[in-house]
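Colleague: would you be able to build a 3D model of this:
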Amino acid sequence: MAVIIELLGWGGKRQRYFTVEGNSATVGRSYQNDVVLDDVHISSNHLRLDAVEDGWQLTDLQTLNGVEVVKNPRSSGAQLLDSDSTIVLGEGAEIKVGRTRLRIVSDSHPVDAAKELHHLERDAGKLNRLSIWLPLFLISLTVEIAALYSSSFVEWQWKNVFSIILGTQAVLLFLALFWGALGRFLRNESQFLSHYCLILLAGLVYSLADWLIGMLAYNAGTEMVAMILSPINALLLLALLLSANFALATNMLPRQRWISSLCFVMLIIIVSITAQMRGWGEFSPYPDYFSGLEVPALQFAGAESADDFIVGFDDIFASADREALD
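Modeller: Purely as a prediction, here's the structure:
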């Protein structure tokens, strides 16, 4: 029979474990123990575990800080053992010695079922290649230049374009390096190009969706369409991108990834609303209309020409005068 002593970290996650064969195991800072822990609040010989029927008897070995039983299937509530005290622990019991938390299980203790890999994790190798990144990078660069050209109202100058493109790519590179470093730290694999490809894909989808939203606003003749749909588009894509990056860089479960992503998005929404609240209620002398310049061929909704609109000015002012008198 073997006893497994798991060293628990943040959130109750196992960091490492010790396997001790036999019916007895000792824990402490001294090298004479079966389990040696590096915690200055643990005594040289802190506790002993002896196998009994359906569990282990824990004995405190005259320690300074005692043993706190955090969880014990054989009893309810937390307990603090004094010097020389004993208690019988059940399978899966958790104790705290000094600032170290331990879980006691047997070698026959069942483990959770295996979790299915996220499809991004299975296919990460396909994204983590220059043959995938380079075409995406060139397409992204082309789309960015086209967007800058279509929205430019001044003389086209490549030197101005290069500064914007370099700034954008520097931000994307920093984000990819951040996720790659996080993956290297947490999972010993960076997947740098995979993160870069995901960010480029998200940028391409955002550009396409933003162009479609702009075309809808152009046909609707109001900026309100873009004001509502553009933030929704950006926030949804951000949540998807964060979840995908979490899947590659961490061992978080799907639910944890989505909760973390949505919480970050909610934080952005709260900050944005707080910043915009300053301008609420202020009168704006500018009318609400779509002010962008678009190709007339993109106009698929019925619209009135500028000449016809100017001709009808007299009727508009006459109607406004009548309403003012009433």
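Colleague: state the distance from Trp238 to Asp315.
Modeller: Let me fix one detail, which is that residue 238 is Leu and not Trp. 47 Å (C-beta to C-beta, to the nearest Å). Just so you know, the C-beta spots here come from the backbone N, C-alpha and C atoms, and that holds for glycine as well.
Colleague: show me which of those two is the more surrounded one.
Modeller: Neighbour comparison, Leu238 and Asp315: the larger count goes to Leu238, with 16 against 9 (by other C-beta atoms under 10 Å).
Colleague: secondary structure element for the more buried one?
Modeller: Secondary structure from DSSP states H and E places Leu238 in helix 224-249.
Colleague: cool, and Gln57?
Modeller: strand 55-60.
Colleague: can you pull the alpha-carbon coordinates of the helix or strand following that strand into CSV?
Modeller: Sequence-wise, the next helix or strand downstream of strand 55-60 (DSSP H and E) is strand 67-71. What follows is strand 67-71, C-alpha atoms only, in CSV (Å, rounded to 0.1, in the frame of the first residue of the first chain):
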residue,chain,number,x,y,z
VAL,A,67,-1.7,21.0,11.9
GLU,A,68,-4.9,22.4,10.4
VAL,A,69,-7.3,19.9,9.0
VAL,A,70,-9.0,21.8,6.2
LYS,A,71,-11.2,19.0,4.8
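Colleague: and strand 67-71, what's buried?
Modeller: 67, 69-71 (16 or more other C-beta atoms under 10 Å).
Colleague: do a quick rundown of the helices in the chain.
Modeller: 119-122, 124-127, 130-150, 158-187, 192-220, 224-249, 254-276, 306-311, 313-325 (DSSP state H).
Colleague: where does the protein dip in pLDDT?
Modeller: Filtered on pLDDT under 70, the chain yields the residue ranges 1, 118, 120-121, 124-125, 153-154, 221, 279-306, 308-309, 326.
Colleague: give me the residue at the spatial middle of it.
Modeller: Ser261 (4.0 Å; C-alpha atoms, centre = their mean).
Colleague: quick check: chain neighbours aside, which residue is closest to it?
Modeller: If the residues on either side of it in the chain are set aside, Ser261 comes closest to Leu242, at 3.9 Å by C-beta to C-beta, 6 or more residues apart in numbering.
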